[in-house]
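Trainee: Give the three-dimensional model of this entry:
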Amino acid sequence: MESLYKSVFGSEPCSVNRLAGAGSSREYYRAEGADGRSAIVTHGTDVNENSAFVYLSRLFVAEELPVPEVLGVSSDGMDYLQSDLGDVALFDMIKAKGVSDPEVVELMRRTVRLLPRFQFPHAAVDYDRCFPRRAMDSRAAMWDLNYFKYCFLKAVIPDFDEDRLEDDFCKLAEMVTYNPEKALMLRDFQSRNVMIHGGEPYVIDFQGARSGSCLYDVASFLWQARAGIPAGMRRELVAEYVESLREVAGIEIPDVDDRLRHMVLFRTLQVLGAYGFRGYFERKAHFLMSIMPAVDNLREVVSEMDSDTLPYLKEVLDRVCRLPRFAPCDSREGLTVKVYSFSYKKGIPDDMSGNGGGFVFDCRAVHNPGRYDCYKPLTGLDVPVREFLEKDGEMLRFLESCYRLVDASVERYLERGFTSLTVSFGCTGGRHRSVYGAQAMAGHIWDRYGVRVELVHRERGITEVFEPR
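Mentor: This is a model prediction of the structure:
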């Protein structure tokens, strides 16, 4: 990475710091020089995926579209250097200011009006250079639908008729791969992947772009689970998109509402598959917390489904939406679970409820990142520490045992109307293992039961509250 930076800027960087990742296996670093020049280094795991991004970035730059410019590529194609657009994503602004804030609304409007320029560039696109396929065809659609089935549906409803479900999956795949407009589908067009730089939206993630329906990107952006865009605003932004599509590409979509409804259903299933894998299987708190908002989207989508078109899929999704774990419950409002991380050197946290008891889990048998200099200044909230703890599975196996014990108590507390439970994770310094364990447990309880969770990293001075659903 240092040599790649030097090949572009003429000198080695003073620092190379890893940035927080998201759902992919790509790693991102910010490299900064003594003169203040910074760039983002991306390390990918697939040279073909990297090549697709570099190709499309250069095509978009030639079209004068707002994307990060690729400044250099390593000789093996596994790393590339791109312009630094800062740290503020549109999603961050939505969370900080609210979706109805005038500045946020204007940025969303500009973003959806920008979309057709990406989907219908003037230059011809070489779809053979796209990754992993040149088009969103029936095979790619079935990959996503089976991702939903195996990584989400089977985790929450183990008993269903797979043959009947497959029939409806095939019908839905045919609907969503209909692409008369011959668009370039960006695939991951959502507010997390729109950076605000100089007051303008920039699109940063299009590794998976391919030929596909232009409405997939509309569904991806406006129905993003945690963005919380209300229905009325979505209708207004769809109208903005349709008007821009007409102006940019001269395209009218007479059946836009019906096609978009099917695309929203498909996209919602696709993200639930991703959240299920990253949350239920990899136990990543961010994805666990994204599941409930996605199910809320699903509930809205299912209510508008035609029972004659995809009858068995609607039946199965109705069952998902009615599951107790996804439904509001009066007793949940009465229970608060306090989750602590702490250092044994400073003692076990007191139970301030006055009830006493609760769980205390000792993490000190788990391999300690604090023994290594590179991890000492970090905490269990930082990506490198999380990856260290997850790598050999020791911490994950430890947490599975903790989940089973705590789940049994939470369920009984809800049945009996109890109001307080304390769960604490301790380690030597209260910095790495206990912080990771407490963070994971808080996300697990909130996702599974929807109760109020108060998370306290005592030695770090950090408190976070998850309100009841």
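
Trainee: Could you use CA atoms for every contact and neighbour count after this?
Mentor: Fine.

Trainee: so who does S424 touch?
Mentor: 339-342, 348-349, 358-361, 438 (Cα atoms under 8 Å, 6 or more residues apart in numbering).

Trainee: Export those to a markdown table and append columns for secondary structure.
Mentor: Formatted as a markdown table, the contacts of S424 follow (DSSP: H, G, I helix; E, B strand; the rest coil):
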| residue | secondary structure |
| --- | --- |
| V339 | strand |
| Y340 | strand |
| S341 | strand |
| F342 | strand |
| I348 | coil |
| P349 | coil |
| G358 | coil |
| F359 | strand |
| V360 | strand |
| F361 | strand |
| A438 | helix |
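
Trainee: Out of the residues you listed, the closest to A39 would be?
Mentor: A39 lies nearest to A438 out of the contacts of S424, by Cα to Cα, at 34.1 Å.

Trainee: okay but that closest one is in contact with V453, surely?
Mentor: No: in this structure A438 lies outside contact range of V453 using Cα atoms under 8 Å: 11.1 Å.

Trainee: Are there residues contacting both of those two? Which ones?
Mentor: V339.

Trainee: neighbour count winner among the two?
Mentor: Neighbours were counted for A438 and for V453 using other Cα atoms under 10 Å; A438 has more, 26 against 23.

Trainee: Could you check the pLDDT of the more buried one?
Mentor: The per-residue pLDDT reported for A438 equals 97.

Trainee: so what secondary structure elements neighbour the host helix or strand of V410?
Mentor: Using DSSP states H and E, V410 maps to helix 394-416. Packing contacts for helix 394-416, counted by 3 or more Cα pairs under 8 Å, 6 or more residues apart in numbering; DSSP states H and E, involve helix 383-391, helix 433-449.

Trainee: quick one: contacts of it?
Mentor: With Cα under 8 Å, 6+ apart, helix 394-416 has contacts from 283, 331-332, 335, 359, 361, 366-367, 389-390, 419, 421, 423, 437, 441, 444-445.

Trainee: one step back: columns distance to K97 on top of the contacts of S424, output as JSON lines?
Mentor: Compiled in JSON lines, the contacts of S424 are given as follows (distance: Cα to Cα, whole Å):
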{"residue": "V339", "distance to K97": "28"}
{"residue": "Y340", "distance to K97": "29"}
{"residue": "S341", "distance to K97": "30"}
{"residue": "F342", "distance to K97": "32"}
{"residue": "I348", "distance to K97": "37"}
{"residue": "P349", "distance to K97": "34"}
{"residue": "G358", "distance to K97": "37"}
{"residue": "F359", "distance to K97": "37"}
{"residue": "V360", "distance to K97": "37"}
{"residue": "F361", "distance to K97": "37"}
{"residue": "A438", "distance to K97": "28"}
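
Trainee: Name the nearest of those residues relative to S213.
Mentor: Out of those, the member with the shortest distance to S213 (by Cα to Cα) is A438, at 42.2 Å.

Trainee: Run through the residues that contact the closest one.
Mentor: 339-341, 424-425, 455, 457.

Trainee: Buried among the contacts of helix 394-416? Make that a PyMOL selection.
Mentor: Selection of buried members from the contacts of helix 394-416 for PyMOL, criterion 16 or more other Cα atoms under 10 Å:
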select buried, resi 283+332+335+361+389+390+419+421+423+437+441+444+445
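
Trainee: Buried members of the contacts of S424 into ChimeraX, please.
Mentor: A single ChimeraX command selects the buried members of the contacts of S424 (16+ other Cα under 10 Å):
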select :339,340,341,342,349,358,360,361,438
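
Trainee: who's E27 bridged to?
Mentor: Counting by DSSP bridges, E27 is bridged to H43.

Trainee: residue contacts, it?
Mentor: Under the criterion of Cα under 8 Å, 6+ apart, the neighbours of E27 are 18-19, 21, 42-44.

Trainee: next one: I291
Mentor: Here I291 is in contact with 225, 272, 275-276, 447 (criterion: Cα under 8 Å, 6+ apart).

Trainee: Return the distance of it relative to K314.
Mentor: Between I291 and K314 the computed distance is 19 Å (Cα to Cα, to the nearest Å).

Trainee: Check F206 too.
Mentor: Taking Cα to Cα, one finds F206 at 31 Å from K314.

Trainee: Buried ones in the least confident helix or strand in the chain by mean pLDDT, by neighbour count?
Mentor: Ranked by mean pLDDT, DSSP states H and E, the weakest helix or strand in the chain is helix 285-303, scoring a mean of 83. In terms of neighbour count (16+ other Cα under 10 Å), helix 285-303 has its buried residues at 285-299, 301-302.

Trainee: Just want the angle from it to helix 433-449.
Mentor: Orientation check (axes from the mean of the first three to the mean of the last three Cα atoms, to 10 degrees): helix 285-303 against helix 433-449 gives 10 degrees.

Trainee: what's the next secondary structure element after helix 285-303?
Mentor: Immediately after helix 285-303, counting by DSSP H and E, sits helix 311-322.

Trainee: Is it possible to get a markdown table of the contacts of E27 that adds neighbour count, distance to V8 and pLDDT?
Mentor: Below are those laid out as a markdown table (neighbours: other Cα atoms under 10 Å; distance: Cα to Cα, whole Å; pLDDT from 0 to 100):
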| residue | neighbour count | distance to V8 | pLDDT |
| --- | --- | --- | --- |
| R18 | 17 | 19 | 89 |
| L19 | 16 | 21 | 89 |
| G21 | 12 | 24 | 66 |
| T42 | 20 | 15 | 96 |
| H43 | 20 | 16 | 95 |
| G44 | 19 | 19 | 92 |
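
Trainee: now the residues you listed as a markdown table including distance to V238?
Mentor: Below are the contacts of E27 laid out as a markdown table (distance: Cα to Cα, whole Å):
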| residue | distance to V238 |
| --- | --- |
| R18 | 37 |
| L19 | 33 |
| G21 | 30 |
| T42 | 33 |
| H43 | 35 |
| G44 | 34 |
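
Trainee: Now do stretch 456-469: everything it contacts.
Mentor: The contact list for stretch 456-469, computed with Cα under 8 Å, 6+ apart, reads 328, 332-333, 338-343, 430-431, 435, 438, 446, 450-455.

Trainee: typo on my end, stretch 37-49
Mentor: Residues contacting stretch 37-49 (Cα under 8 Å, 6+ apart): 1, 5, 25-32, 50, 76-84, 130-132, 207-208.

Trainee: Sort out for me which of those are in strands.
Mentor: Among those, the ones falling in strands (DSSP state E) are 27-32, 79-83.

Trainee: Compare those and tell me which has the most neighbours.
Mentor: For those, neighbours were counted by other Cα under 10 Å; the highest total belongs to L81, with 26 neighbours.

Trainee: so what's the backbone phi/psi at the closest residue to that one other than its chain neighbours?
Mentor: The spatially closest residue to L81, leaving aside those adjacent along the chain, is V41, at 4.6 Å (Cα to Cα, 6 or more residues apart in numbering). V41 adopts backbone torsions of phi -100, psi 130, taken as degrees, to the nearest 10.

Trainee: Can you give me the distance of V41 to L19?
Mentor: 10 Å.

Trainee: tell me, what's touching these two both at once?
Mentor: Joint contacts of V41 and L19 (Cα under 8 Å, 6+ apart) are 28-30.

Trainee: Nice, that's everything, thank you.
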